[in-house]
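# how would this look folded up:
(one chain, ligands or ions: 1)
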Amino acid sequence: MALETVLPLTAAISAISLHHVVLRRYEIDHLVLQIVAASWFAFGSLAYEFGVQLAVSTALSFLLTLGLAIITYRAWFHPLREFPGPWQLRISKFWAVWKTLDTKFQYFKSVHPEFRKRYGDYVRTGPREVSIFDTNAIQPILGFNSRTSKGPYYDVFERSLHLNRDKAWHRQRRRVWDNGMKQSLSDFAPRVEEFTSELLERIEKSNGALVPLNEFCVHYSYDVMSALVFGTSIGFNTGQSSEVARRIVAILSGNLHGLGVMLHVPWFMKAIATPLSFVGPVKLWEEWTRDRLAERRAIKDPNPDFMSHLIEATPRSPEGDRLLFGESRLIISAGSDTTGTNLTLIFVQLGLHPEVVRGLWEELDEIEYSCLRSQPLLDAVINESMRLWPAVFFPTQRVTPPEGLQIPNGRFIPGNMIVTIPAFAMARDERNFAMPDKFIPERWTTRPELAMNKAAFLPFLTGPYVCAGKSLAMMEMRSVVAGVVQKYDIVLPETFDEEIFFGAVEDHWTTGVPKQQVRFDKRKN
Ligand code: HEM
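Below is the predicted model:
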């Protein structure tokens, strides 16, 4: 047989074998760069040996056969073939990328809830992914006794408590975090209150003029987080932040759109993460945290704080240092935008519901308030705002164990499949919360009949990977909301349109809140 036939034929057979033996069985998302390099090497070798024309026809034969094998398998022979869902997502997650762009970042917010209405509680939302809207699945998938593990998304960036898929390692590291948080949280409470006082001074200086709400809230949370990690605040509240710090925060907030697109294709994120760490914004962010951490290490601390727990529990080695750098960046990025976003949304709700502000006055005027303790209405306001508008839209990914997973009173999910619990859609499901689109804080206090299934409220997640900063975040939110409400009325501009504002909320990994101005008017009675 002529070489012109043998080579493309061999390529086609290799493609089918590759798909059958490797791609169907193993996850290779983390090997994209190596695969691209190997492919170019193979192509170059073929071109060198047999000429460019033959190399091109061989490559085309390989790629077309591989594509065909993948599509045929995913559409008709995949273990998830019985699960309903949009046909495009059976073949590839690229449809989710396109839909995210097409809907201007409304994928988890608008497209996902539609899936439930159209296809039911178990929807195939990717070639090997099922999104489950059935609350029976929460514990088997996310709970402490779950046999699932984190999905490919958690492989993408530098290793940290959050971004790793090794359950045993996570359990050990998480113990360090939880102990550190438990021991340092009450010591940190007065610092949180100090930052709130700084924010109140900033508000006082506004003299009842309109102020940029998002900026005030996000600056506050960045200040708190940098104090937690590096021992010193960035100084946003007091107007002492450096130019670099301002650039870093702008970069972190500004890159969320990219994240919102790429989170559907973690293999692509993984491929660009390494090159990106050597250039531009990512490099600046890494260098900044590295320098701040070096300064933090140099502080001889008489009262050990949270960071000293992490530093003590981490070996002084290149790998230990990498972990600490990663985790210091994790704390800033996981703890700042989330808390700032929630605060912004809570104040908008309070601006829309002055009767709730009156209720808060009554509650807070009567008690010896502490941000460490929960207060019925204060916590209810925070919860209700997070139920309607969580700070994290991304439904966390898990992988089923090899033997598969039976959901009690639900369906069997085959092994090694990605499963997600779309928390936003569940919290807006009328089976779980009555009048689900309405802001009714009383459902958490005096009207429990309106919260029929509180298990569907997952703003911090649940189980072994529950937010490690949940108590701290609640402390911050209580402190700021109570501090502001005790002194001020929150007034939205007359032009404010609720539908336009909430309609423009975007879902990237975290939530994008449209820029909003408010007035803080001195409380009159
Ligand atoms: C209102 C504010 C916050 C919200 C709504 C929130 C929400 C969440 C959610 C939903 C997750 C799970 C993410 C996933 O599965 O991929 C998470 C994880 C995490 N959060 Fe938060 N978070 C908040 C504040 C904070 C703060 C202040 C910290 C600071 C220490 C923090 C640190 C973390 C860490 C380290 C994880 C990873 C935990 C693990 O994998 O074991 N978060 N958070």
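# Quick check, the residue in the stretch 1-150 of the chain closest to the ligand?
Lys150 (7.8 Å; CB to the nearest ligand atom). For the C-beta atoms, the positions are set from N, CA and C on the backbone; glycine is no exception.
# pLDDT weak spots in the chain?
254, 279-280, 301-304 (pLDDT under 70).
# tell me what the longest helix seen in it is packed against?
In the chain, assigned by DSSP state H, the helix with the most residues is helix 167-206. Taking 3 or more CB pairs under 8 Å, 6 or more residues apart in numbering; DSSP states H and E as contact, the helices and strands that helix 167-206 lies on are helix 213-230, helix 306-312, helix 470-487, strand 517-522.
# Quick one: closest of these to the ligand.
helix 470-487 (3.5 Å).
# OK, contacts around the residue of the stretch 1-150 of the chain closest to the ligand?
Residues near Lys150 by CB atoms under 8 Å, 6 or more residues apart in numbering: 164-165, 396-399, 465.
# where's it relative to Ile132, distance?
The spacing between Lys150 and Ile132, counted by CB to CB, to the nearest Å, is 16 Å.
# Same check on Trp40?
Trp40 sits 40 Å away from Ile132, going by CB to CB.
# And those two? Which one has more around it.
A count of neighbours by other CB atoms under 10 Å puts Ile132 above the other of Trp40 and Ile132, at 26 against 10.
# show me the residues around the closest residue to the ligand within the stretch 351-500 of the chain that make contact.
Residue nearest to the ligand within the stretch 351-500 of the chain (CB to the nearest ligand atom): Gly469, separated by 2.1 Å. Gly469 makes contacts with 181, 331, 334-335, as judged by CB under 8 Å, 6+ apart.
# Now rank these by neighbours and give me the top one.
Tallying neighbours with other CB under 10 Å puts Ile331 at the head of those, with 25 neighbours.
# What is the subsequent helix or strand relative to the helix or strand harbouring Ala38?
According to DSSP states H and E, Ala38 maps onto helix 32-50. Beyond helix 32-50 on the C-terminal side, the first helix or strand identified by DSSP H and E is helix 52-72.
# Who are the packing partners of the helix or strand that contains Trp98?
In this assignment (DSSP H and E), Trp98 forms part of helix 94-102. Packing partners of helix 94-102 (3+ CB pairs under 8 Å, 6+ apart): helix 87-91, helix 256-262.
# Show me how far the helix or strand following it is from its chain's centre.
Where DSSP H and E defines the elements, the next helix or strand beyond helix 94-102 is helix 112-119. Chain-centre distance of helix 112-119: 21 Å, with CA atoms, centre = their mean, to the nearest Å.
# Give me the contacts around helix 112-119.
Helix 112-119 has contacts (CB under 8 Å, 6+ apart) with 84-86, 123, 125, 131, 133, 395, 422, 424-425, 428-429.
# how about 6 Å then?
84-85, 123, 133, 422, 425 (CB atoms under 6 Å, 6 or more residues apart in numbering).
# Repeat that for stretch 402-416.
Taking CB under 6 Å, 6+ apart as the rule, stretch 402-416 contacts 79, 122, 130, 134, 136-137, 140, 400, 419.
# gap between the nearest residue to Glu193 once chain neighbours are set aside and Cys371?
Leaving aside its chain neighbours, Glu193 sits nearest to Ser479 (5.8 Å; criterion: CB to CB, 6 or more residues apart in numbering). For Ser479, the distance to Cys371 (CB to CB) stands at 4 Å.
# any common contacting residues for those two?
Counting by CB under 6 Å, 6+ apart, the shared contacts of Ser479 and Cys371 are Val192.
# thinking again about what came up before, now do the buried residues in the helix holding Ala38.
Within helix 32-50, the residues that qualify as buried are 32, 43, 46-47, counting by 16 or more other CB atoms under 10 Å.
# and Lys524, which of the three is it?
Look at Lys524: counting by DSSP: H, G, I helix; E, B strand; the rest coil, its state is coil.
# how many neighbours does it have?
Lys524 has 5 neighbours, counted by other CB under 10 Å.
# out of everything not next to it in sequence, what's closest to it?
Leaving out its chain neighbours, the residue that sits closest to Lys524 by CB to CB, 6+ apart is Asp489, at 7.8 Å.
# element containing the one you found, please.
Secondary structure from DSSP H and E places Asp489 in strand 488-491.
# which parts of this protein sit against the ligand?
Within the chain, the residues that sit near the ligand (CB under 6 Å from any ligand atom) are 161-162, 174, 330-331, 334-335, 338-339, 342, 391-392, 396, 459-461, 465, 467-469, 472-473.
# Contact partners for Ser110?
Listed by CB under 6 Å, 6+ apart, the contact set of Ser110 is empty.
# Next: Trp40.
Trp40 makes no contacts at all, as judged by CB under 6 Å, 6+ apart.
# Then Gly231?
Going by CB under 6 Å, 6+ apart, Gly231 touches 296, 299.
# quick one: the closest residue in space to Trp177 that isn't next to it in sequence and Tyr48, what's the gap?
Take Trp177 and drop its neighbours on the chain: the residue closest to it by CB to CB, 6+ apart is Ala468, 4.9 Å away. Taking CB to CB as the measure, Ala468 falls 53 Å from Tyr48.
# burial count for the closest residue to the ligand within the stretch 101-250 of the chain?
When scored by CB to the nearest ligand atom, the stretch 101-250 of the chain has His162 as its residue closest to the ligand, at 3.7 Å. By other CB under 10 Å, the residues close to His162 number 18.
# Which element, helix or strand, includes the residue nearest to it when sequence neighbours are not counted?
Closest residue in space to His162, ignoring its immediate chain neighbours: Leu330 at 5.4 Å, by CB to CB, 6+ apart. If you go by DSSP H and E, Leu330 is part of helix 318-352.
# how far out from the middle of the chain is that helix?
A distance of 10 Å separates the centroid of the chain from that of helix 318-352, by CA atoms, centre = their mean.
# same deal with stretch 162-176?
That offset, for stretch 162-176, works out to 17 Å (CA atoms, centre = their mean).
# in that stretch, what's buried?
Buried residues in stretch 162-176, counting neighbours by 16+ other CB under 10 Å, are found at 162-165, 170, 173, 176.
# which other residues reach that stretch?
149-150, 154, 157, 161, 313, 330.
# okay, how far is it across stretch 26-40, tip to tip?
End-to-end span of stretch 26-40 (CA to CA, to the nearest Å): 22 Å.
# if we can go back for a sec, mind giving me the PyMOL command for buried ones among the contacts of stretch 402-416?
Of the contacts of stretch 402-416, the buried ones can be selected in PyMOL as follows, counting by 16+ other CB under 10 Å:
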select buried, resi 122+130+134+137+140+400+419
